[in-house]
Structure formats: C-alpha cells, structure tokens
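Colleague: sequence plus the predicted model coming up.
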Amino acid sequence: QVQLVEFGGGSVQSGGSLRLSCAASGLTFNTYAMHWFQQAPGKEREFVAGISRNADTIRYADSVKGRFTISRDNAKNTVYLQMNSLKPEDTAVYYCAANKIGVVRTTSYIDYWGQGTQVTVPS
C-alpha cells in the first residue's frame, strides 16, 4: 500500500519560512518523480514544484520561482519543499504527489497523492 505523508505545515508570518517534508512508503521511491501541488479554498489544485527521480530535472511554478526549493533524499524516501519569503497568497493545502512518467504540471498524470498539509500566511 502506497503512502505519502506530509509534515511541516503551519502558520507563519509574511516573509517567514517553512520546510515541508513528504515521507513515502510502499513504492520504489527512486523510480518516481515527486511533486508538490497547492490548493487554496475555492480554487483548483495547482502545480508548485516537481523533481525527477534522480533530481536532474526540477521545475517550479512561476509564482514560487526564486522563493521555494524542492529537493529529495532517495536514501530516506523523502521529498522536501523549502519555502522562503512566504506571502499571504501562498496560503493553501500543500499536497505531495508521485508519478512514474516524470515531472508534470497537471494533476492528470499523478499516480499517488498525500493527504495534504495546511500552510497559512496571515495577511
């Protein structure tokens, strides 16, 4: 049974930082591309960042480029999202996601999802 479990969400002041972690189990982690998506209230789930299975391809949404960093540790079956210079518009539930085909910017090609972790940046 595949499980993706996110950690590290919370409330932080504007300009602050948070580090999200996603621990994977039940899959061969180093054969999956890993992603972070966000979903704000009343909005669709949107791509934030993706990293290929060996980290040679990394992509970001324009809205987070230069502020967020995705990384992975295949020995620990974990993917991270370092979020700096947080803004109120970053407030959302953040989901970890995995797929076999590689980094994608759409939810359509995701094989597995985590349960999500809330990030709140009060205005």
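Modeller: That came through fine.
Colleague: which residue packs closest to the most centrally placed residue in the chain, ignoring adjacent ones?
Modeller: For the chain, the residue sitting closest to the mean C-alpha position, by Cα atoms, centre = their mean, is Trp36 at 2.1 Å. In this structure, Trp36 finds its nearest non-sequential neighbour in Val48, 4.3 Å apart by Cβ to Cβ, 6 or more residues apart in numbering. Using the backbone N, CA and C atoms, a C-beta is placed for each residue, glycine as well.
Colleague: strands of the protein, start to end?
Modeller: Taking DSSP state E, the strands of the chain run over residues 3-7, 10-11, 18-25, 33-39, 46-51, 58-60, 68-73, 78-83, 92-99, 112-113, 117-120.
Colleague: among those strands, which is nearest Arg105?
Modeller: Ranking the strands of the chain by proximity to Arg105 (Cβ to Cβ) places strand 46-51 first, at 4.2 Å.
Colleague: I'd like to know how many residues surround Gly120.
Modeller: Rather than Gly, residue 120 is Thr. 15 (other Cβ atoms under 10 Å).
Colleague: surely it and Glu89 touch.
Modeller: No - under the criterion of Cβ atoms under 8 Å, Thr120 makes no contact with Glu89, lying 11.7 Å away.
Colleague: quick revisit: separation between the residue nearest to the centre of the chain and Ser123?
Modeller: Using Cβ to Cβ, to the nearest Å, one obtains 22 Å as the distance from Trp36 to Ser123.
Colleague: kindly report the same for Val12.
Modeller: 12 Å.
Colleague: so what's the residue nearest to Trp36 up against?
Modeller: By Cβ atoms under 8 Å, 6 or more residues apart in numbering, the contact list for Val48 reads His35, Trp36, Phe37, Gln38, Tyr60, Ala61, Val64, Phe68, Leu81, Tyr94.
Colleague: same question for Gly26.
Modeller: Going by Cβ under 8 Å, 6+ apart, the list of residues near Gly26 reads Gln1, Val2, Gln3.
Colleague: same check on Val103?
Modeller: Ala33, His35, Gly50, Ile51, Ser52, Thr57, Ile58, Arg59.
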